[in-house]
Each structure stands twice: as C-alpha cells, then as structure tokens.
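Chemist: I'll drop the sequence and a predicted model, then ask my questions.
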Protein chains: 2
Amino acid sequence: MIADKMKPLVENNSAIRTMFEEGKRMAALYGTENVYDFSLGNPNVPAPEAVNRAIVQVIEEEESTFVHGYMSNAGYEDVRQAVAESLNARFGTRFGLQNIIMTVGAASGMNIILKTILNPGDQVLTFAPYFLEYGAYVRNYDGELVIVEPDTETFQPDLARFRELLGPKVRAVIMNSPNNPTGVIYSEETIRKIGEILKEKSREYGHAILLISDEPYRELAYDGAAVPYVTKYYENAVVCYSYSKSLSLPGERIGYVVIPDEVEDSAQVIAAAVIANRVIGCVNAPSLMQRVIKRCLNEQVNLEAYDRNRHLLYQSLTDYGFSCVKPEGAFYLFVKTPMEEKAFCELCKKHHVLVVPGSSFVCPGYVRISYCVSYEQIERSLPAFRRIAEECGLEGGEKA
Amino acid sequence: MIADKMKPLVENNSAIRTMFEEGKRMAALYGTENVYDFSLGNPNVPAPEAVNRAIVQVIEEEESTFVHGYMSNAGYEDVRQAVAESLNARFGTRFGLQNIIMTVGAASGMNIILKTILNPGDQVLTFAPYFLEYGAYVRNYDGELVIVEPDTETFQPDLARFRELLGPKVRAVIMNSPNNPTGVIYSEETIRKIGEILKEKSREYGHAILLISDEPYRELAYDGAAVPYVTKYYENAVVCYSYSKSLSLPGERIGYVVIPDEVEDSAQVIAAAVIANRVIGCVNAPSLMQRVIKRCLNEQVNLEAYDRNRHLLYQSLTDYGFSCVKPEGAFYLFVKTPMEEKAFCELCKKHHVLVVPGSSFVCPGYVRISYCVSYEQIERSLPAFRRIAEECGLEGGEKA
C-alpha cells in the first residue's frame, strides 16, 4: 500500500524505534533512576513563566474568533511586524513584516523554502555532522543532498571541500549554527567565507545559490558567544527559526522564516513560500502561539541551567580522558569514541548510558550526548562514564 | 529563483488575491457595513467557552514541559486514546489509539496520507464540485487529480461516471461530506455504493484503492441529519478530520487522521503516515491544542447560529427566484447563476455582494455563498440580493 519513496523511511525508522524501545526496556528493568538517557533533544528546562502568563492573557484579552481564526497564510501582520522589529533591534537588520512568514516550527520552514526553490535533480549541500532529517526534506522535492565531510579538528565547515563540491547543480546550502550535534558555533570568519564562495560560484554558474540557515539553537549560546546573523554576510540567505529551544516550546510547532528583500526575485520567493506554507498542509502557524510570541519576544529559557549541565559534563568527561570540542551553544556534546562507534555505544548501554551514534549525523566515530536533562541525572551518571572511560583504557579514567 | 512547480501556483494565487484586494478596496470605498462579503470560509461563531476554559486549565494543571514538549510524532497517547473512544461511542467503530494520528489540521492530514501512498503518476479521483486545494495536495506527490463531473441535480456523486473514470492507475479517491461548496451530505446509499464500486475495482485491478474522507464539516449537519462514517462501509477508508469548524479553531491547526486496522497493510500505512507527519515538517500536531482537545471532545460550536443563517438566506434567495440545493450541512449555499457565471459575479459586485465563482470548485454556472457571517450581514444584504434577482429577471424577484 505505501509509496516507494516511503519504504526506506519506514525501514530506517525501525532502527530508531528499536533504540527507543531499548531505553524503555532498560528503564523497566533497572528503574528510570538507573538509566541515563542522553539520547533525546527534548528540552527539560520549562518554558519561561511569561509564556504561560501570555497564553492566559491572550485568552482573556483578545477576541476568540481572532485568536483562533484564520489569518493570512503568512501569519498575523502585527506579529510579523513585531518579529521583524525585534530582529532589527538585535541584529541591525532592516526587515519589514513582508520578510517574515510565521511557520509550524523550523522543520516546516525548511520544507516551505525547499518546496519554493527546488526542481527535481537540484542539489543541496550541507556540512557534516548534520541533522539527518535534512535528507528527507530535500528528497521531499526530489532534490539530492550532498554532504561536505566534517573537519573533525574544529567542526567548522571544511571550506576547501565546500568549494570543490559546490557544482552547477547546487541550488541551496543548508547550515546549522549553533550546531546539532557538535554544539559548535560557526565563526564570523566562516560565515563570511561561505558568503564569498557562494557569491563567486553564483556568478560563475549564472544563478543564485540560496543559503538556508536553520537556527533553532540561536539563543542557546554560552559565555556571551555571538552567533553571526547570516543575512548580513550574503544577500541570498534565508533564516528558518523556531521557538522550540529558545522558549522550550518544541511541541507547539511555532517559528518563522525570514526572506530578506535582498534575495533574488524576493517578492516572488516570498509569495511562493506563503503558498507553499498553505499547500504542504500547514496553512498557517498555530494562531494562539503566534499571539503569544508577540508578547514574549524578549523572553528566553533559563540558559544557566543548560550551562551548568554543560560545564559539569564537559569537565567530567574530559577529566576521564574523553575528547570533544567544547560546545559553545545548543545542548549537545559530541564526543570522540575511544573505540569503534558501535562497540562504544554497546559499552555505554552496558553501563545504562544511552547516547546517539555519530553515524546518525554522518560523522562516525563520535557519539552525541544531549545535556538537556536534569543536573541530577548528569551527577548520577558520572560513575558510569568513569567506568566506561576505564574500560576504554583512557588516561585520566583512573585519576578522576 | 522559484521552482517550476510553484510558478502556476503563484500565478493562480494572484487571481485570488485580486478578489481579496477588491473586497478591501470596496470596504474602504463604501464602508465595511455596506459591503456584503460572503466569500470566506472563516467561522464567525466563536469557539465554545469550554475551549478557552480548557486552555487555561491545561496551563494551570498540567506540567509545562509536558504540555509544550515533544511527544510521539503521532500525538499524545492519552489524547489519541480519548479520540478513539469518543469515535467508538458515537459511531460504533472499534478504533484504538494506534488508529489515530493527531495532525496539523485536515489539510496536513491529507498531505500525510497522500505522501504515504502516492507514487508519481498515480491518479486520485474526486467528485466535483470540490475544494481546489486537493489538486495541489495531489501534485505535491506527483499524482494526477482526476475529476468526476458534478451531478447538478442532486450534487451527490455521479456514480456511473465514477465507475467509468476509476481506472487501474487510481490509487485513491477523495470525498468531502458535508460538502464544500454545496452543503450536501452524501447519503448512506451513496457511501455504500462508493464502497461497493471500490471493492469491485480493487479486485479487478488487484490493488487496494484508498478512500480518503475529508471531514472538517462533519459536526455541521442540520435537522439532525446523519453523516455516515465511511470506515463502516469500506475497509480501505481513512478519515481526515479537523476541529477548524466543529470548535471554530481554524487558525490553531488541530485535527487527526483515522487509519483503521482494516486498511490493507495497516501497520505499515500507519508507520509511514507518522513518519510523513514528521518529514513534511509538521513533526506533530500543536501540543497544547492536543491537550485541550482531550478536554473538549463533547463540545461543539453553536450550530443554531449557522442554522438560523441558513434558513434566512436559503428562504430569501429561493423566494427571490434563485435556485439551489438546500444545504444539509457545512455553511455554504451553492446557487445556480441565472446568467453566465463571470457576469453574475460582476453583477453581485456591483451590488457590493462578494461571492466565489463555481469555477473555483470546477463547477461553473454556480456561486458559493458562505453564511459563516453575522445574521445582521445577511439581513443587510437581502435588498441587494433582491435587486440582483430583479436585474436577472428572476421570477419571484418582484414579489419578495
């Protein structure tokens, strides 16, 4: 009964489900307290109180048929205007409401953009390690995702290789910073060079190449690290944003797309993206949440909780002898496996530690450890991590 | 910059926007009070008070990370269980939570189903008049929408023609009852025969043909009219439901898909549909609204308001000499135009009455009049409708 294109997705999904079921099985067997699940990206820090207050206020203060009704497929005009002004104030951009389309999260934002621009056979480049769903999004529109291999020294994009792979069939490039799974923030230097290479290649091939910046982790940057705003470095750049992490609202599916006026054929691209929002079935971003966002543009989750987790986990794991790039953003550690990846994941499991193999991000030899969990879970898990280090024969494993 | 597939959508959209702009222009020129806009399907009856109460209760009573967090891509298990039980109680079905997938409205439900089953070149049948977006949904997956011409006597599907058009390339059939734009409810006899024809043709061609029932108007049925539940008449039937109209929540994008166990390869179809929900970018139905739905399964908008509108408008227009099938459901009248459709729409506009041409539903010679407007708007508009009837030389136009 199911379509040919869906078959590999169903098969692949079984693997993920197996891992998930294994976690549940272990929790039942050993008790939830004794299983250390670092596999999920579901924020454990609650939404700011202001969000729940705003929900109640919207219900009390705004008219019901307005709050729950249809609006333009692009979203409420006042909400889009407020988002544009907020971005302008923060980043010195000059967006108007016409540049903002409210979306059902960043995932739907990316689908809308890809549907808007991709013809069958077009290539889309991205930098490994990357969120595996990008492949499915690109294939939705019969495009081909081409992977720039990781630079495992810095986990900044390998720009020489980027330039090599950037052939005439490439219509778009997807970047994600702060990065899932490494936690690395692409530097201003990186972004500037990506822009320069794209300009050069656009000229060479005679068509614009769109830079799509997937930014659900933008606000999760530690030690005051700056996350450069890509539209300032390259004119054919769009941003797919989500409040999933910045306001801990992943289930609510609320975000937006920014399409600046500087994008080639911007009026047509914006019109097509709004239509894509409708015809892929989203129609519009959830209305109540749009109204809430307008009241919460200056709110943010408690970043200190994640930062505390980051310090404890990074410090402990490196003390035990593990090596990983210190994450500047997001809520992941990407740790080099001291043995073959699959065997390492099995060893972790033996110690009741669940992590995601780097292969799931097209970067084998690593594991992703999500620290969007309670501080107590990290504390409880440390002896297990130490034993894992010892069994791997890591230096520092004993002294720690 | 935009994809070839998007170009006709952008062009076509300009026509709709032109109509919309015309409405705004007229309102500015003559005053909102003096322009009678019957063109939109945006419910004017507010959501039941219980919905807003439930929103506040969920916020107060349930844990924030749970309410706003990720859940299974299919939706919260308790919500799906509650929806299944509610359907079972109402329709004598035997659904379990595995048969329910919560979706971003019915539009996304349909996209999920079509993505799940369509291979490029597959045909999908539907009955005119129909909601024009179906064509875009089918083309999203490179399918071809084939139209069964309308039976303008009854606006029940023309089953003889249905059988003729139901060739071996047809993978699915979309039906919509109560119907947009006619307000007709497909009779039990119609549904039974559709099921029989589908069974016969499935056997003949050696593959299952999926019946997709698009049901946003299910609860909007007047005079206690029954809307048969399709899964009881044909095993390979799925339902795409939305709370947009039944709870007046069109902006919230909340609905569900029912995939019964009786559907061929149901486990695989369900698994694929859940994955489709994820990869088309919805990820999951908005979480807070899922929690709210669980508390509002027995709620419904004030149907009497629509019914009052229906009576006044139907009675008045037929008194003036217009002819249309009396709607049993939804909130539309589908009126035969006494002159060429385009000229009639222009005549209406001259009298400040905005309606949608039947051609927009692939049924020229008619107009759709939405009565999800205030009773006062209908009252105010009646003299205009009478003058339109007079100018068309309709019998009854003068006596009324």
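Modeler: Cool, got the structure.

Chemist: Okay, now the unreliable bits of the stretch 201-350 of chain A?
Modeler: Applying pLDDT under 70 to the stretch 201-350 of chain A flags no residue at all.

Chemist: any idea where the strands of it begin and end?
Modeler: A:210-214, A:237-242, A:255-258, A:332-336 (DSSP state E, counting those that start in this stretch).

Chemist: for those, which one sits closest to chain B?
Modeler: Comparison of those against chain B by Cβ to the nearest Cβ identifies strand A:210-214 as nearest, at 7.5 Å. All C-beta spots, glycine's among them, are computed from the backbone N, C-alpha and C.

Chemist: CA-only coordinates of that closest one in PDB, if you can.
Modeler: In PDB, the C-alpha atoms belonging to strand A:210-214 read as follows (Å, rounded to 0.1, in the frame of the first residue of the first chain):
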ATOM      1  CA  LEU A 210      20.300  30.100  -1.600                       C
ATOM      2  CA  LEU A 211      21.900  29.900   1.900                       C
ATOM      3  CA  ILE A 212      19.400  28.400   4.300                       C
ATOM      4  CA  SER A 213      20.300  28.900   7.900                       C
ATOM      5  CA  ASP A 214      18.500  26.500  10.300                       C
END
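
Chemist: how about A:Gly75, what does it touch?
Modeler: A:Ile100, A:Ile101, A:Met102, A:Tyr256, A:Asn284, A:Ala285, A:Gln290 (Cβ atoms under 8 Å, 6 or more residues apart in numbering or on different chains).

Chemist: Reformat the strands of the stretch 201-350 of chain A as TSV; add distance to A:Asp151.
Modeler: Formatted as TSV, these follow (distance: least, Cβ to Cβ, whole Å):
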stretch	distance to A:Asp151
strand A:210-214	19
strand A:237-242	22
strand A:255-258	28
strand A:332-336	13
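
Chemist: For these, give me a markdown table that also has mean neighbour count.
Modeler: Output for these, formatted as a markdown table (neighbours: other Cβ atoms under 10 Å in any protein chain shown):
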| stretch | mean neighbour count |
| --- | --- |
| strand A:210-214 | 26 |
| strand A:237-242 | 26 |
| strand A:255-258 | 27 |
| strand A:332-336 | 24 |
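
Chemist: what about those, which gets the closest to A:Thr93?
Modeler: Proximity to A:Thr93 (Cβ to Cβ) singles out strand A:255-258 among these, at 8.3 Å.

Chemist: Regarding A:Val173, which helix or strand does it belong to?
Modeler: strand A:170-176 (DSSP states H and E).

Chemist: Report the separation between the nearest residue to A:Asn236 once chain neighbours are set aside and B:Asn119.
Modeler: Distance criterion Cβ to Cβ, 6 or more residues apart in numbering or on different chains; nearest residue to A:Asn236, sequence neighbours excluded, is A:Ala208 at 4.7 Å. According to Cβ to Cβ, to the nearest Å, A:Ala208 stands 32 Å off from B:Asn119.

Chemist: same question, A:Val230
Modeler: 37 Å.

Chemist: Out of these two, name the residue with the larger neighbour count.
Modeler: A:Val230 (22 against 15; other Cβ atoms under 10 Å in any protein chain shown).

Chemist: ok, that one touching A:Ile191?
Modeler: Yes. Taking contacts as Cβ atoms under 8 Å, A:Val230 lies within contact range of A:Ile191: 5.9 Å.

Chemist: Do a quick rundown of the helices in chain A.
Modeler: A:6-30, A:49-61, A:64-67, A:77-91, A:105-117, A:133-140, A:159-165, A:188-205, A:266-279, A:287-295, A:303-319, A:341-350, A:375-391 (DSSP state H).

Chemist: just these: most buried one?
Modeler: Highest mean neighbour count of the helices of chain A: helix A:105-117, a mean of 28 (counted as mean count of other Cβ atoms under 10 Å in any protein chain shown).

Chemist: pLDDT (mean, whole number) over that helix?
Modeler: Taken as a whole, helix A:105-117 carries a mean pLDDT of 98.

Chemist: Report all helices and strands that that helix contacts.
Modeler: strand A:100-103, helix A:133-140, strand A:170-176, strand A:210-214, strand A:237-242, strand A:255-258, helix A:266-279 (3 or more Cβ pairs under 8 Å, 6 or more residues apart in numbering or on different chains; DSSP states H and E).

Chemist: Turn the ones you listed into JSON lines, columns for distance to chain B.
Modeler: Below are these laid out as JSON lines (distance: least, Cβ to the nearest Cβ, whole Å):
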{"stretch": "strand A:100-103", "distance to chain B": "8"}
{"stretch": "helix A:133-140", "distance to chain B": "4"}
{"stretch": "strand A:170-176", "distance to chain B": "9"}
{"stretch": "strand A:210-214", "distance to chain B": "7"}
{"stretch": "strand A:237-242", "distance to chain B": "10"}
{"stretch": "strand A:255-258", "distance to chain B": "10"}
{"stretch": "helix A:266-279", "distance to chain B": "4"}
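
Chemist: In a markdown table: those, plus distance to B:Asn180.
Modeler: A markdown table is the format used below for these (distance: least, Cβ to Cβ, whole Å):
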| stretch | distance to B:Asn180 |
| --- | --- |
| strand A:100-103 | 25 |
| helix A:133-140 | 27 |
| strand A:170-176 | 36 |
| strand A:210-214 | 35 |
| strand A:237-242 | 32 |
| strand A:255-258 | 29 |
| helix A:266-279 | 16 |
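
Chemist: nearest to A:Asp4, of these?
Modeler: The nearest among those, by Cβ to Cβ, is helix A:133-140 at 11.7 Å.

Chemist: Look up how far A:Pro260 lies from the residue nearest the centre of chain A.
Modeler: Centroid-nearest residue in chain A: A:Pro216, 4.8 Å away (criterion: Cα atoms, centre = their mean). For A:Pro216, the distance to A:Pro260 (Cβ to Cβ) stands at 20 Å.

Chemist: what does the stretch 101-250 of chain A have sitting close to chain B?
Modeler: A:104-105, A:107-112, A:115-119, A:133, A:136-137, A:140-141, A:208, A:210, A:248-250 (Cβ under 8 Å from any Cβ of the partner chain).

Chemist: Repeat the analysis, applying 7 Å as the threshold.
Modeler: Contact residues, the stretch 101-250 of chain A versus chain B (Cβ under 7 Å from any Cβ of the partner chain): A:104-105, A:107-108, A:110-111, A:116-119, A:133, A:136-137, A:140, A:208, A:248-250.

Chemist: In the stretch 301-400 of chain A, which residue sits closest to chain B?
Modeler: Counting by Cβ to the nearest Cβ, the stretch 301-400 of chain A gets nearest chain B through A:Cys372, at 10.2 Å.

Chemist: Could you report the neighbour count for that residue?
Modeler: Residues near A:Cys372, counting by other Cβ under 10 Å: 21.

Chemist: And the pLDDT for it?
Modeler: Reading off the model, A:Cys372 has pLDDT 96.

Chemist: re earlier: what average pLDDT does the strand holding A:Val173 get?
Modeler: 98.

Chemist: Give me the helices and strands touching it, please.
Modeler: Judged by 3 or more Cβ pairs under 7 Å, 6 or more residues apart in numbering or on different chains; DSSP states H and E, strand A:170-176 is in contact with strand A:123-127, strand A:210-214.

Chemist: can I get those in JSON lines with distance to B:Cys240?
Modeler: As requested, those are exported to JSON lines (distance: least, Cβ to Cβ, whole Å):
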{"stretch": "strand A:123-127", "distance to B:Cys240": "30"}
{"stretch": "strand A:210-214", "distance to B:Cys240": "29"}
